[in-house]
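# need a 3D model of the sequence below.
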Amino acid sequence: MKFNTKAIHGGQHHDPSTGAVMPPVFQTSTFAQTSPGKPIGDYVYSRSANPTRTALENALASLENGVKGLAFSSGLAATDCLLRSFKAGDEIIAMDDLYGGTYRMFTKIYKDSGIKFHYVDMNDMEKFQSLINENTKLVWLETPTNPLMKLADIEAIALITIPKKILLAVDNTFATPYLQNPLDLGADVVMHSATKYLAGHSDVIAGALIIKDKVLAEQLYFQQFATGATLGPMDSFLVLRGIKTLHLRMQRHCENGLKVVEFLRNHPKIKTVYFPGLSGHPFHTIAKKQMRGFGGMVSFNFVSGEKQDSIEFLEKLKIFTLAESLGGVESLANHPALMTHASIPEDIRREIGITDDLVRLSVGIEDADDLIEDLKQALA
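As a prediction, the model looks like this:
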């Protein structure tokens, strides 16, 4: 089954009791039993499983070619579930450019857990491999990264982690399964902030893990069930509805992203445009190798290097909405240093390249000409 068909039918079945084409919203906390310990069907309590969430989880597994999908109350809840697999003395290697919430979790929530975190440029393979030892249990990738659009070669890293039996997890939020399938490239786990492109309409908070191995899948399911950060039935329905049009939306996000990039790269006030589809992008070769398109996320900074220029630009936008998040049908603009990545200390932000004049755009599916006109007037 090809992707466009998978998005609509993958892992899906009509409701057996009514024939409903879309899975019903089973807005119930519990399910009746005929005798103690003998439920009428497959469901007992909605924290352990709910038919609407199951429908979403089956669709997620289909899209990412995994054996099991798990749906969570947020992307960070999904990340936290995976991290609960590790104990004091274990070590985790992560990319140096991470979503601010992920960095905050690693450095604040797990700082006293005894788990040691290393942060490294994953394209410096020599340095990356030098950090690996017998305590290394997980490598965490984000590719493309938020907000600098760095990439990591998933397949090349998997060739290192697989023989050493180190888990490889990939945050695939920016690329989506439409553009990239990490499990097919050797990863063990894929994480999504399903709030973003999967749901696609800025109306739900959700997260997901998709797992390649059955044993690991059951372990993570138990951790999800035991800690309870599951996705509710209505939110599951909304994400599943969004997935039905993922392929169509991503086509337009990619098309509009390229047009916006072409405008920005030729504007005299713009210094650098960060977009993996550009031939001059340092990771363009990796992008062509492992992605089927380049998405709708674009970052840039100003020739002046002035923070005030980025603020004034963002305040003048009319069609782009100044807001956190990304991946919705509407175009959004964000100031990483003051918004999504404010939890990262300033010296570390500067070290990895998140400057005070950096702007991140989530290019939506509006008419590209209108988006370019909005950018033009805001830059004027």
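
# now tell me what touches the helix ranked longest in the chain from outside.
Longest among the helix segments of the chain by residue count, using DSSP state H, is helix 246-265. Residues from elsewhere that reach helix 246-265, judged by CB atoms under 8 Å, 6 or more residues apart in numbering: 3-4, 7, 63, 176-179, 197-198, 200, 270, 273, 275, 277-278, 293-298, 300, 329, 361, 363-366, 368, 371-372, 375-376. Quick note: C-beta positions are derived from backbone N, CA and C, even for glycine.

# give the pairing partners of the helix or strand that it is followed by; include direction for each.
Next in sequence after helix 246-265, counting helices and strands by DSSP states H and E, comes strand 270-274. Strand pairing for strand 270-274, using DSSP bridges, gives strand 297-302 (antiparallel).

# skipping adjacent residues, who's closest to residue 78 in space?
Excluding its sequence neighbours, the residue lying closest to residue 78 (CB to CB, 6 or more residues apart in numbering) is residue 207, at 3.6 Å.

# I figured that neighbour hits residue 72, correct?
Yes. Taking CB atoms under 8 Å as the definition, residue 207 is a contact partner of residue 72 at 3.9 Å.

# hang on, the earlier thing: buried residues in the longest helix of the chain?
Buried residues in helix 246-265, defined by neighbour count with 16 or more other CB atoms under 10 Å: 246-247, 249-250, 252-254, 256-258, 260-261, 263-264.

# distance check, the residue nearest to residue 78 against residue 127.
Going from residue 207 to residue 127 by CB to CB, to the nearest Å gives 30 Å.

# which of those two has more neighbours?
residue 207 (27 against 12; other CB atoms under 10 Å).

# so what's the more buried one up against?
71-79, 191-195, 231.

# now do the strand or helix carrying residue 6: everything it contacts.
Counting by DSSP H and E, the element that carries residue 6 is helix 3-9. Helix 3-9 is contacted by residues 1, 62-63, 177-178, 243-247 when judged by CB under 8 Å, 6+ apart.

# and for stretch 358-365?
Contacts of stretch 358-365 (CB under 8 Å, 6+ apart): 146-147, 249, 252-253, 256-257, 260, 296-301, 310, 313-314, 320, 325-337, 340, 371.

# same deal with stretch 216-235?
By CB under 8 Å, 6+ apart, stretch 216-235 touches 25-28, 46-48, 50-53, 56, 66-68, 70-74, 77, 80-82, 84-85, 167, 188-189, 204-207, 209, 211, 239.

# please check those and keep the buried ones.
25-26, 46-47, 50-53, 56, 66, 68, 70-74, 77, 80-82, 84, 167, 188-189, 204-207, 209, 211, 239.

# which ones among those map onto helices?
51-53, 56, 77, 80-82, 239.

# could I get the residues you listed as a markdown table with distance to residue 104 and pLDDT?
Output for those, formatted as a markdown table (distance: CB to CB, whole Å; pLDDT from 0 to 100):
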| residue | distance to residue 104 | pLDDT |
| --- | --- | --- |
| 51 | 34 | 96 |
| 52 | 31 | 97 |
| 53 | 27 | 98 |
| 56 | 27 | 98 |
| 77 | 14 | 98 |
| 80 | 12 | 98 |
| 81 | 17 | 98 |
| 82 | 16 | 98 |
| 239 | 24 | 98 |
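
# which one of these sits closest to residue 162?
Using CB to CB, residue 82 comes nearest to residue 162 of these, at 17.8 Å.

# any figure for the gap between the closest one and residue 109?
In terms of CB to CB, residue 82 sits 13 Å off from residue 109.
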